[in-house]
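# this one's sequence-less:
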């Protein structure tokens, strides 16, 4: 790439080497060249240092990091270039007068202060990500301090209706089996302007939030209130269309389990964040913002771990001051595809993720007293809260609840035990569990071949043996026109991949499985939209009410067998068929990426990890990836991968550069 202003040969060569090794991108090099040209007034060491740091922070933003921690940068820099001046890098940055802002307690910048690089709290940001992070932290701090006064007698009455009759009051020291954490979560969230309900798959987050909304709506419309208010305007949102559809289904099912009187005015339809905010074509901005806030009283955001920093900041900025906000998610799952790890940062700042055991001792005495008033949970004594109070305080200490009991699989099952060891990064224990023949719900298949082609053939052969029985039933249902039954079979099993392209990626495995099913005589893939082809949409179409991640099956129209349509299941449980020519972009779905599977669950999951090679070095593999794939399974999990790939994945965490957690600590 042409560098127009760089004149230092050593620096120029270093940046070119970094580009060649894919450590930085062309856009990062261009940004560094721009900074070098604009900072001509700096002395050579400071100018060179600032230039290479500009390339680095730009590259890290491309790897979804919000910032770089200047104290954590070591030498040799980026693994290939020893740059002695980096010892004084912070001083070098601070000497820049034109293109670096040394921020102190700023949250917003006026036009004179806007510069492409920001340094704050020892961290270097690109200006836009600093702006997003600082503004989001400020709103979280402000909303987390707002308490909601509940009408105690009515709240107690509603809680009795929503939950089983409470057990006899007893003194509680930390967690005991009698503590109902779903009920505690409802009480905490109801009394806060902002709350976060976290927990692994199947821990009851959706059930909990449905009861919470029934409580809030019941309090708002209570006949016994001094002033009867209107019902609350509650909005449900999720980051993707598929996640929105899943929340719609879950809320609808959970709602039916409530007393009939408490089902009134509860929302069911969920929409995407982009649709709620009013996306503008070809623009990063939305119709709803600080100047034009959303019209709502309560907002529920599901799958919060999937939401990136810029989108979360824009969502919070558009909230009206009175809005009550509840975020649901699993902080141990994969972080967002784009920049940031918001939910993980929030949980890290709350002190509620130290271990698997939830405890009342992590809440303030005020919150413990509130719980005592609402559901007769005895507050801890002062000696029992000493350890928690001695820690550095978090402004969101009383705003986070973690649910730990899974209803999807038992803790002592192979899947449950493996999930815990993966989260803890315990590689040896993972190997032991996967090799334990007594655990019949988890299996590990290690290829014995060495070359990519022989490995692919070996993996495919083993995969087909396991997949074939369900696919035989699936294709039979398709040819008999049993649409709903075909969907039931399709949802029973799923092949998951760590990556979309490349060896053992979605594209390769889809093609291999498709060809093998053709050889078996189950499908005829001689044309694109062949009968029985399972598909997933990769784009939204709001007019058709179809969204990225929606799953369909190609089948004949029951009323006209000569007409082929792609059939989808609606949120209401009905089916509808659309001509292929009307659909947005879609792809075959024998295999999908782990990212796409978030929020889904299947009876059986077959997870394929790519082998570690000199070219990929396990790039993109981490424990969050494997944990997310594993916990999609309800009854059976099969892993296809080398021990080296598993060891690297479990031993490697997805840690993103961020200052958000630090900003939420007092």
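Sure, I can see it. Owing to the predicted nature of the structure, the values given are computational and were not obtained by experimental measurement.
# tell me the predicted confidence for residue 525.
Looking at residue 525, its pLDDT stands at 87.
# wouldn't it be in contact with residue 511 here?
No. Residue 525 lies out of contact with residue 511 (C-beta atoms under 8 Å); the separation is 9.6 Å. Every C-beta, even on glycine, is put in place using the N, C-alpha and C of the backbone.
# in stretch 603-612, what counts as buried?
For stretch 603-612, the neighbour count (16 or more other C-beta atoms under 10 Å) marks 604, 605, 606, 607, 608, 609, 610, 611, 612 as buried.
# just checking, residue 129 touches residue 309?
Yes. With contact defined as C-beta under 8 Å, residue 129 reaches residue 309; the gap is 6.7 Å.
# joint contacts of these two?
Listed as contacting both residue 129 and residue 309 by C-beta atoms under 8 Å, 6 or more residues apart in numbering are 66, 339, 340.
# tell me the spacing between the last one and residue 397.
Here the distance between residue 340 and residue 397 works out to 22 Å (C-beta to C-beta, to the nearest Å).
# of those two, who's got more company?
residue 340 (27 against 22; other C-beta atoms under 10 Å).
# ok, the helix or strand harbouring residue 636: who's next to it in the sheet?
Element membership for residue 636, per DSSP states H and E: strand 633-640. Strand 633-640 has the following strand partners under DSSP bridges: strand 442-445 (parallel), strand 602-608 (parallel).
# ok, then the element right after the last one?
Downstream of strand 602-608, the first helix or strand assigned by DSSP H and E is helix 623-630.
# what residues are up against the residue nearest to residue 505 when sequence neighbours are not counted?
Setting aside the residues directly before and after it, residue 505 is nearest to residue 499 in space (C-beta to C-beta, 6 or more residues apart in numbering), at 4.5 Å. Shown in contact with residue 499 (C-beta under 8 Å, 6+ apart): 505, 506, 593, 610, 620.
# just the buried members of the residues you listed?
Neighbour counting over the contacts of residue 499 (16+ other C-beta under 10 Å) leaves 505, 506, 593, 610 as the buried ones.
# closest one to residue 17 out of these, please.
Residue 17 has its nearest neighbour among those in residue 610, at 26.6 Å by C-beta to C-beta.
# for the buried residues of stretch 603-612, which one is nearest residue 547?
For the buried residues of stretch 603-612, the nearest to residue 547 is residue 605 (22.6 Å; C-beta to C-beta).
# got a markdown table for the shared contacts of residue 129 and residue 309, with distance to residue 198 and secondary structure too?
Converted to a markdown table, the shared contacts of residue 129 and residue 309 look like this (distance: C-beta to C-beta, whole Å; DSSP: H, G, I helix; E, B strand; the rest coil):
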| residue | distance to residue 198 | secondary structure |
| --- | --- | --- |
| 66 | 20 | coil |
| 339 | 21 | coil |
| 340 | 17 | coil |
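# between these, which sits nearest residue 431?
For the shared contacts of residue 129 and residue 309, the residue nearest residue 431 by C-beta to C-beta is residue 340; the value is 32.7 Å.
# how many neighbours does the closest residue to that closest one other than its chain neighbours have?
For residue 340, ignoring the flanking residues on the chain, the nearest one in space by C-beta to C-beta, 6+ apart is residue 309 at 2.9 Å. Neighbour count for residue 309, taken as other C-beta under 10 Å: 24.
# now do the one 10 residues further on
Close neighbours of residue 319, defined as other C-beta under 10 Å, add up to 20.
# helix/strand/coil for it?
Classification of residue 319 using DSSP: H, G, I helix; E, B strand; the rest coil returns coil.
# wait, it touches residue 292, no?
No. Assessed by C-beta under 8 Å, residue 319 is found out of contact with residue 292, at 11.8 Å.
# now the nearest residue to residue 269 once chain neighbours are set aside: how far from residue 539?
Leaving aside its chain neighbours, residue 269 sits nearest to residue 248 (5.7 Å; criterion: C-beta to C-beta, 6+ apart). Using C-beta to C-beta, residue 248 is found at 20 Å from residue 539.
# which parts of the stretch 451-600 of the chain are strands?
For the stretch 451-600 of the chain, the strands defined by DSSP state E, counting those that start in this stretch occupy 493-497, 534-537, 551-557, 560-569, 575-578, 586-588, 591-593.
# what packs against the third one?
Put plainly, it is strand 551-557. For strand 551-557, the packing partners by 3 or more C-beta pairs under 8 Å, 6 or more residues apart in numbering; DSSP states H and E come out as helix 483-490, strand 534-537, strand 560-569.
# for the longest one, what does the pLDDT average out to?
Looking at strand 560-569 alone, the average pLDDT works out to 88.
# could you pull out the buried residues of it?
Neighbour-count burial for strand 560-569 flags 564, 565, 566, 567, 568, 569 (criterion: 16+ other C-beta under 10 Å).
# with the first one instead?
For helix 483-490, the neighbour count (16+ other C-beta under 10 Å) marks 483, 486, 487, 489, 490 as buried.
# low-confidence ranges, the stretch 551-666 of the chain, go.
571-572, 614-618, 666 (pLDDT under 70).
# could you do the stretch 251-400 of the chain as well?
In the predicted model of the stretch 251-400 of the chain, residues 351-358, 377-392 satisfy pLDDT under 70.
# now do the strands in it.
Along the stretch 251-400 of the chain, the stretches classed as strands by DSSP E, counting those that start in this stretch are 270-272, 298-301, 324-329, 400-403.
# can you check the stretch 1-150 of the chain too?
Counting by DSSP E, counting those that start in this stretch, residue ranges of the strands within the stretch 1-150 of the chain are 67-69, 100-102, 117-120, 123-126.
# closest one to residue 433 among those?
Of the strands of the stretch 1-150 of the chain, the one closest to residue 433 (C-beta to C-beta) turns out to be strand 67-69, at 34.6 Å.
# what lines up beside that closest one in the sheet?
In its sheet, and by DSSP bridges, strand 67-69 pairs with strand 123-126 (antiparallel).
# what residues does the strand it pairs with touch?
Here strand 123-126 makes contact (C-beta under 8 Å, 6+ apart) with 53, 57-58, 61, 66-70, 93, 116-119, 133, 657, 659.
# please redo it, this time with the cut-off set to 6 Å
Outside of strand 123-126, the residues within contact range by C-beta atoms under 6 Å, 6 or more residues apart in numbering are 57, 61, 67, 68, 69, 70, 118, 659.
# now residue 194, nearest residue through space, not along the chain?
The shortest distance from residue 194 to any non-neighbouring residue, by C-beta to C-beta, 6+ apart, is to residue 143 (4.0 Å).
# that neighbour: how many residues sit nearby?
21.
# thought residue 195 was touching it, still the case?
No. Residue 143 is beyond contact range of residue 195, at 9.6 Å (criterion: C-beta atoms under 6 Å).
# angle of the helix ranked longest in the chain against strand 633-640?
Assignment by DSSP state H gives helix 452-479 as the longest helix of the chain. Relative orientation of helix 452-479 and strand 633-640, computed by axes from the mean of the first three to the mean of the last three C-alpha atoms, to 10 degrees: 150 degrees.
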